[in-house]
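Participant: Provided below are the primary sequence and the corresponding predicted coordinates.
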Amino acid sequence: MMDLRKILHVDMDAFYASIEQRDHPEYRGKPLAVGGQPDKRGAVAAASYEAREFGVHSALPSRIARQRCPSLIFVKPRFEVYKAVSQQIRAIFLDYTDLVEPLSLDEAYLDVTENKLAIPRAVAIAQDIKQRIQQTTKLTASAGVSINKFLAKTASGMNKPDGLTVILPEQASDFVAQLPIEKFHGIGPATATKMKQLEIHRGEELRAWSEADLVARFGKVGRYYYRIARGQDDRPVNPNRIRKSIGSEHSFAEDLTSLTQMRKALVTLAEEVQTRLQKAQRVGYTLTLKVKYANYQQITRSRTVAYPLQTRSDLLPLAETLLTHHVDKGRQVRLLGLTVANLAAASEPMQLPLPGL
């Protein structure tokens, strides 16, 4: 029998909003949103727990957030500050293990099966990390402790804020069986709704489906659903996680109404993507255009090419082609984005398959 791993998932509590409340005492205890101003276009990037009680959450349009919470305080994001705090937290993680896989600025997986301090119990490491984060940053974190990534991440969200939840190996099967389907990491709202229509409300009901039936109903991701319904997840913690795409997007204060305006916006986006690709020393072979119309309907269109994409001159003609062929010219646009995927090292071009082979 394979030895069980000891996996932590550490997730900062309302990270951006908590930093703003830490640095500005006048915001403490009040509903606060980091992100777009209510009198302009934009969306909430993060919400304090006080704001969440009113139904304010990330990605919510600022206008709606203000309607739900008239006393909501809006503050501009300070990403350099958030990155600096994230680096402090990362340094704490690395005192325990080199197997740290960041998912974003505010969360990461850690494999502490073998740790630098030879601490035998993973829960003791989680407690220590939480305490050190609080002492160093004056912020709280929630942690999940279990035998794999799926269970650890699910556990970290169980008792927020400042929570610590442990799922022992012998508890895993019963825990998953009773877990509401919308609480499963990797099952989004749309899929959860579809599952409930199939009378799948909890893990035990998902577990009753065969792998073949789940694949037939949900596609290849059905294999993942089959495994997590049994608490199985053999993905390793990967400290060298390879970025799958690089991109940029802009939400506009006033809707774009002409192709001329959209082409001008694409120039700026292409320059930003070029800068990020060059900084990462990557090229890509697939370009995706994202368009969000004034009514929030969104489309994406992609094109894969046989030559490397990195510079503005590589990206812009392809972006303009996607725009011209696919955007509805009679509709106003509130957001445009460009993303490059199928990434490879700039010095090592990717070998793409020939069409039809």
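Facilitator: Right, received. Where do you want to start? This structure is a prediction, so every number in the text was calculated from the model and none was measured.
Participant: quick one: low-confidence parts of the stretch 151-300 of the chain?
Facilitator: 242 (pLDDT under 70).
Participant: what about the strands in it?
Facilitator: 164-166, 245-256, 282-293, 298-309 (DSSP state E, counting those that start in this stretch).
Participant: Just list whatever residues bridge to Thr300.
Facilitator: Lys290 (DSSP bridges).
Participant: Pretty sure it sits against Thr288.
Facilitator: Yes: using CB atoms under 8 Å, Thr300 is in contact with Thr288, at 5.5 Å. All C-beta atoms are positioned from the backbone trio N, CA, C, and that covers glycine.
Participant: Can you list the helices and strands that the longest helix belonging to the chain packs against?
Facilitator: Assignment by DSSP state H gives helix 259-280 as the longest helix of the chain. On a contact count with 3 or more CB pairs under 8 Å, 6 or more residues apart in numbering; DSSP states H and E, helix 259-280 meets strand 245-256, helix 312-326, strand 333-341.
Participant: so which of those comes closest to Arg202?
Facilitator: Between Arg202 and the helices and strands packed on helix 259-280, the shortest separation by CB to CB is 33.9 Å, and it involves strand 245-256.
Participant: Show me which positions of the closest one end up buried.
Facilitator: Neighbour-count burial for strand 245-256 flags 246-248, 250, 252, 256 (criterion: 16 or more other CB atoms under 10 Å).
Participant: what's the residue nearest to Arg230 when sequence neighbours are not counted in contact with, if anything?
Facilitator: With sequence-adjacent residues excluded and distances taken as CB to CB, 6 or more residues apart in numbering, Arg230 is closest to Arg207, at 6.3 Å. Neighbouring residues of Arg207 by CB atoms under 8 Å, 6 or more residues apart in numbering: 176-177, 229-230.
Participant: quick one: pLDDT of the residue nearest to His24 when sequence neighbours are not counted?
Facilitator: Setting aside the residues directly before and after it, His24 is nearest to Val75 in space (CB to CB, 6+ apart), at 7.8 Å. Val75 is assigned 95 on the pLDDT scale.
Participant: would you list every one of the helices in this structure?
Facilitator: 15-23, 49-52, 62-68, 79-94, 122-137, 149-156, 172-178, 189-197, 203-207, 211-218, 221-228, 259-280, 312-326.
Participant: ok now the longest one, how far from the chain's centre?
Facilitator: Averaging C-alpha coordinates over helix 259-280 and over its chain gives two centres that are 23 Å apart (CA atoms, centre = their mean, to the nearest Å).
Participant: now do the third one
Facilitator: How far helix 62-68 lies from its chain's middle: 23 Å, per CA atoms, centre = their mean.
Participant: hmm, back to that, redo the helices and strands packed on helix 259-280 as CSV? Include distance to Ser58.
Facilitator: Formatted as CSV, the helices and strands packed on helix 259-280 follow (distance: least, CB to CB, whole Å):
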stretch, distance to Ser58
strand 245-256, 14
helix 312-326, 27
strand 333-341, 16
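Participant: quick revisit: just send the strands of the stretch 151-300 of the chain back as JSON lines, with distance to Thr154 too.
Facilitator: JSON lines is the format used below for these (distance: least, CB to CB, whole Å):
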{"stretch": "strand 164-166", "distance to Thr154": "9"}
{"stretch": "strand 245-256", "distance to Thr154": "26"}
{"stretch": "strand 282-293", "distance to Thr154": "30"}
{"stretch": "strand 298-309", "distance to Thr154": "28"}
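Participant: of these, which approaches Leu103 most closely?
Facilitator: Per CB to CB, nearest to Leu103 of those: strand 245-256, 14.9 Å.
Participant: Taking strand 282-293 as reference, get the angle to the closest one.
Facilitator: Here strand 245-256 points in a direction 30 degrees away from that of strand 282-293 (axes from the mean of the first three to the mean of the last three CA atoms, to 10 degrees).
Participant: what packs against strand 245-256?
Facilitator: Using 3+ CB pairs under 8 Å, 6+ apart, strand 245-256 sits against helix 259-280, strand 282-293, strand 333-341.
Participant: do you know which of those lies nearest Ala46?
Facilitator: Using CB to CB, the helices and strands packed on strand 245-256 put strand 333-341 closest to Ala46, at 18.9 Å.
Participant: picking up where we left off before, figure out which of the helices of the chain is closest to Val166.
Facilitator: Here helix 122-137 is closest among those (CB to CB), at 5.3 Å.
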